[in-house]
Every structure is written in structure tokens, then in C-alpha cells.
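In: Need the 3D shape of this:
(2 chains)
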Protein chains: 2
Amino acid sequence: MLGDVVIRRRSVTALAGGVGGAKLVQGLDALVDDLTVVVNTADDAEIYGLSISPDLDTVMYTLAGIADPVAGWGVVDETYTTLEAMAALGERTWFTLGDRDLATHVVRSARRRAGVPLSHVTAGLASALGVRARLLPMTDDRVATMVDTASGRFDFQEYFVGRRHRDEVVGIELDGIEDAAPAPGVLAALTEADVVVLAPSNPFVSIGPVLAVAGVRQALAGTSARRIGVSPIVGGQALKGPAAQMLASLGHEVSALGVARLYVGLVDVFVLDGADRALAGAVEDLGMQVLVTSTVMREVEDRRRLAAEVLAAADTTR
Amino acid sequence: MLGDVVIRRRSVTALAGGVGGAKLVQGLDALVDDLTVVVNTADDAEIYGLSISPDLDTVMYTLAGIADPVAGWGVVDETYTTLEAMAALGERTWFTLGDRDLATHVVRSARRRAGVPLSHVTAGLASALGVRARLLPMTDDRVATMVDTASGRFDFQEYFVGRRHRDEVVGIELDGIEDAAPAPGVLAALTEADVVVLAPSNPFVSIGPVLAVAGVRQALAGTSARRIGVSPIVGGQALKGPAAQMLASLGHEVSALGVARLYVGLVDVFVLDGADRALAGAVEDLGMQVLVTSTVMREVEDRRRLAAEVLAAADTTR
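Out: This is a model prediction of the structure:
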């Protein structure tokens, strides 16, 4: 197939958050030699005194082939010896950390505390795990997603894990975003790429924070790369997480169209699931081209298939 | 036996360092209801970004009945999942930490970083593990044993674990000792006890730092308690660790007598092993009474037996 060589040579940058985004990124990684992933860090947290970067880790573990295939996050075949011992010591172990996963947090915390920027730490960890793609945190600075709900304001992990995203979200604030500089390489990865992919991640708390970092939205708006967004909403529902509830409670249409509207001016092509075929015309009216395909990545093969279709769309829809 | 009730009611304070001291402390714990252990913290270290308190943990795990019976330190039936994963991430894992042990360090580090003093953290951990005795760090302040050798100056864990105490020690400095206040309860535990026991721990790097904390030496010199020291040197050799080498290279006699000389004015009774019976006269010449018995605690029963003899000596030798 002629396409394969052409695809491999392309420079592709993906913006991604958690599990859904990581799956598509893994598909891209199998198809292109020059892949950069810019990852949300606004849901990073200090928990048990450790620096936790959930989205970076999900992408890293997925690309390293060691992610838990059922949960999508964490490491496969985990044990929980330390967490159980922490509980026995009276610690409230509300945030699950496996023993292998814990190594990442201990090492990251030690290196960050020694003054190493998150981007350097991330590159070292990813390299040690055999990840070939370039993994970039959106910023080396602290940004914290704060979630306003009817029950009060929570930091993201408390809202998401601690309270199992059960609260209606009435507002989202990205604490520290004004002072956050893009991590080294982030802007260049957007302006110099052939293709930029907005992975099927939550538009408010995964893609949104990346776009909100100084210069990122402008770089994406002005790049010559083909920009392709993949809807995280299928048939009006999020495949995982609270994206659908957030669309509703924040006043957006709860559909792939609602997501597409958030990306006007930022993507050239929007990928809809077959279930949302009826929305294609409305998305085109936003000035985007549309690819309709199966976006649900149930099996590992689906990741590569969808990635190939996304990359092909960068050509065929031009 | 008449002695048992009398012993139980007594208030006993032990000064202790690592493995040997912990064994005798466990024996004391089985015999007295009011036991306080003041533990060396000068070999505490920050390793992998975590607050490690080796002597406190050895005493705590021993009293909780979960210490590794072979090594004497660490937790029994350990696994090393996290440490192995840290090595895979490129970390130099020179300091062995098991998964259960790691929980202690993660919880301690988090609480200390949140501003909780080491003494409060220690009380919480010990209580959670079911330790009945009162465990006190010698100080809540940072003191660091620095070891001067022919190969240069090392912090204690680097000398002891990293270089396996192979270097000849030409000097010991307790960094921070001038500014270290005794932890709450330490001085009272010395002045108000019926019996104070100097456990068979290294006189330079275990007992020495405790004595060097402001007010401790004076409290011990002035207390009305019966003060009993147990030699960590038997037949001219340390049962564990570098005490014998240190006696030699720091210019002391390498024997129980050499240790006894360090404790002149601080103990009323000095306990010698049967192997050192010939030294009894010389120790008595230092103004101490002498108890000769078997001080080697090979079996768990030896701990209680030696503890009972130490406590009995507090009476019979008065």
C-alpha cells in the first residue's frame, strides 16, 4: 500500500487527556515515526505527598504497552501491597495506586523535588519504559483544574475520583493557567507538524486546559498542519467520564455537534461516529469537513484502524 | 514470682538505635507496662525523596512484631515490586525498600511535609501498628550523622548502606545537633523513669547522637532512675554493624570496657557478656556495678530473658 510509507514519514502531533485519547495515540504511534503527544497536566495532583500526573501516565503506560487493558489507566497485573499497608497505618487511601504505578510517582516526585522540570522527568520516564513517541506535558508550571459544583468547589481528583464525578458541574477554573508557559517543544510541535490530532478526550478538562496554555490556541489556529478532531461523544454519551454531563450542565448541546462547536477555527476535519451520521451536515455548517466512521475503540486493532482513517482523512479531505 | 508484678509497674525508658537495641526493647516491652523508647534519628535520611527513619522503624516494626526476623530491620515477608519498577525507570536503587516498608515512608513523608512533627507522626504510625510502648524520636529537628573517612565525608546511609561501612572512620560529626531540641517528652522520660536502659546499640552513631541532644546527657546524669547500660561489644566484636571498627579507628579500646568508658557518669550498672567476664574488675573500677550474663539475643526468648535480668539488676545491684 502506497499510503503506509507516506504516513510513516509524516510529523504528527496529538493533544490528549486520559484513556480515550491514549487509545488513539497508541494507534497513531503504530503508524507514524514522528509522533509528539502534548498531554493535559491540569488534573495533576499531590496525593500522599507524591506528584501524580494521571494523564501523562495513562498515555505513557499505554504507549509502553503496560496499561491495564480493562481500566485503561494504571499498570497491568498490579498489586496493592503498599496501598494496603498505608491503609493499615491509618491513611485514607481514597486514591488507588498500585505498586508498579507507585514507582513512577516516587521517582517523579524525587526528581521534581530536586528541581528537574516535569518535561525532563517525563522524557526520562518514557524513555526508560521504551516509549518511542515524544511525550510533552502541556506546561512545566502548575495548573490545577478546579471544579465548581452545587456541593462546592473541588480540585479535579477530588471531584473525579474522590466523589466519582457525581456532582453537577457548574463551572471550571484552571488555577494558575495565566502564569503557565507551554513546555519546551509544545508550540513548535503544533506549528511544524503535518497533522495535528485532537484526540477523543474531554473538551473541558482534558483538551481545554491544553488549549488554554499561553500560545497554544494561537499556534493551533495558525498552523499549516491539517487539524483533525475526534469526537469523544457518541450518540449523545461519553464513552468514559463526565464529558456528556459537563456539556449539559455548562450549557452546550450534549452531542458530537456540541463538541465540534467548541473547536471552531481549530480543526479542519471533525470525526463523527456512525451513530452520529445525522449531525454531519450541521458540523459541515461550522466550516469543518466531516469523516464518519466507527470511533469506538473496543479492541486494540480499533486503535490502529481509527488512527489510519484519521491520517488518511488528513489527505483525502483536503 | 514476686518480681513480675513489681517489674510491670515500673516506668522504664530505653535509649536505642537499630537492630540490637530493638531486640532488648522488645524484651522490655513484654515485661513492663510503662515503657518509653527514645530513638536515634541522626541516621534519618531523605532517599528517593522520602523521609526515612531507619532506627525508629526498626524499633517500631520489632515492637509491632512485623520486623524481618533474619535481617532485623524491614518488614517480614516483604515484596519489592515498587523498587524493581523504580530500577526499571532508571533510578539507582541502592537503598532497599520493600513494598510494606515503603508505606511507612510515604505516609511519614506526606505528614511531615504537611507540617506534622516527627514525634506526632511516629506516635500515629506506632499506634496504628499496635505498638503499646511510647516511641519518641530523640528530636523533631534535623540531625545528620556525617562520617569522615579516608575516602572522604559521607552521610550516614551512604557510608553504612551505600558503601557497606567498609571505610575506616576517622571522625563523626552530628550536623545540626547544636540546634536540635529534645522531642516533647524525652527529658521527662529520663528524669521521671524508675529505670533507664542504654540498649546494646552503637555508642557513636546510635546512643551517641541521643546523648548529644541538648539536655539529654544532663538529664541522664542527674536522674534518680537506676541507669543500666548493655554492651554492644562481645568478645571484642560487634554483634552487628561497625561499632568495633569505630572503637578502633576513633582511638578507643575495642572491647566492652572501651564502651563502658564512654558511659562513665551515665550508667550505674554495666552489663557484660560472659565472654567478657575478665573485664568486670576494670569496669567496676570505672565506678559501675557489673552484671555478667549472656547478652547475645539469638532467639526471641533471649530478648525477654535479658530484659528481665537487666530489670532485676536495677534492684539487686542497688
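In: For the rest of this, base every contact and every neighbour count on C-alpha atoms.
Out: Noted.
In: what about the residue nearest to A:Asp302 when sequence neighbours are not counted, how many residues close to it?
Out: Closest residue to A:Asp302 apart from its sequence neighbours, by C-alpha to C-alpha, 6 or more residues apart in numbering or on different chains: A:Val296 at 7.5 Å. Other residues near A:Val296 come to 18 when the count uses other C-alpha atoms under 10 Å in any protein chain shown.
In: Can you tell me the SS state at A:Val296?
Out: Look at A:Val296: counting by DSSP: H, G, I helix; E, B strand; the rest coil, its state is coil.
In: Can you name the residues that contact it?
Out: For A:Val296, the contact set (C-alpha atoms under 8 Å, 6 or more residues apart in numbering or on different chains) comprises A:239, A:273, A:302.
In: What strand or helix carries A:Ala307?
Out: Take DSSP states H and E as the rule and A:Ala307 turns out to sit in helix A:300-316.
In: so what secondary structure elements neighbour that helix?
Out: Secondary-structure packing of helix A:300-316 (3 or more C-alpha pairs under 8 Å, 6 or more residues apart in numbering or on different chains; DSSP states H and E): helix A:19-29, strand A:226-230, strand A:269-273.
In: in its sheet, what does the second one sit against?
Out: Paired strands of strand A:226-230, with direction, are strand A:195-198 (parallel), strand A:269-273 (parallel) (DSSP bridges).
In: What is the subsequent helix or strand relative to it?
Out: strand A:233-234.
In: pLDDT on that next one, on average?
Out: Per-residue pLDDT over strand A:233-234 has a mean of 96.
In: who touches that strand?
Out: By C-alpha under 8 Å, 6+ apart, strand A:233-234 touches A:200, A:239, A:243-244, A:255-256, A:259, A:272-273, A:275-276.
In: What is the nearest of those residues to A:Arg227?
Out: Of all those, A:Arg227 sits closest to A:Pro200, with 13.4 Å by C-alpha to C-alpha.
In: Chain B contacts on chain A?
Out: A:48-50, A:81-83, A:85-86, A:88-91, A:99-104, A:106-107, A:109-111, A:113, A:124-125, A:128-129 (C-alpha under 8 Å from any C-alpha of the partner chain).
In: just the buried members of those residues?
Out: Taking 16 or more other C-alpha atoms under 10 Å in any protein chain shown as the criterion, what is buried in the residues of chain A next to chain B is A:48-50, A:81-83, A:85-86, A:88-89, A:91, A:99-104, A:106-107, A:109-111, A:124-125, A:129.
In: on that earlier part again, restricted to strands, list the contacts of strand A:233-234.
Out: A:272-273 (DSSP state E).
In: Same list as before, the contacts of strand A:233-234 that is, but in a markdown table and with distance to B:Ala193 and pLDDT included.
Out: Below are the contacts of strand A:233-234 laid out as a markdown table (distance: C-alpha to C-alpha, whole Å; pLDDT from 0 to 100):
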| residue | distance to B:Ala193 | pLDDT |
| --- | --- | --- |
| A:Pro200 | 67 | 96 |
| A:Leu239 | 66 | 82 |
| A:Ala243 | 64 | 93 |
| A:Ala244 | 66 | 94 |
| A:Ser255 | 73 | 97 |
| A:Ala256 | 74 | 97 |
| A:Val259 | 72 | 97 |
| A:Leu272 | 77 | 97 |
| A:Asp273 | 77 | 97 |
| A:Ala275 | 78 | 96 |
| A:Asp276 | 79 | 97 |
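In: before we move on, back to that, averaged pLDDT, the helix holding A:Ala307. What do you get?
Out: Mean predicted confidence for helix A:300-316 is 92.
In: Now render the helices and strands packed on helix A:300-316 as CSV, adding mean neighbour count.
Out: Below are the helices and strands packed on helix A:300-316 laid out as CSV (neighbours: other C-alpha atoms under 10 Å in any protein chain shown):
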stretch, mean neighbour count
helix A:19-29, 27
strand A:226-230, 26
strand A:269-273, 26
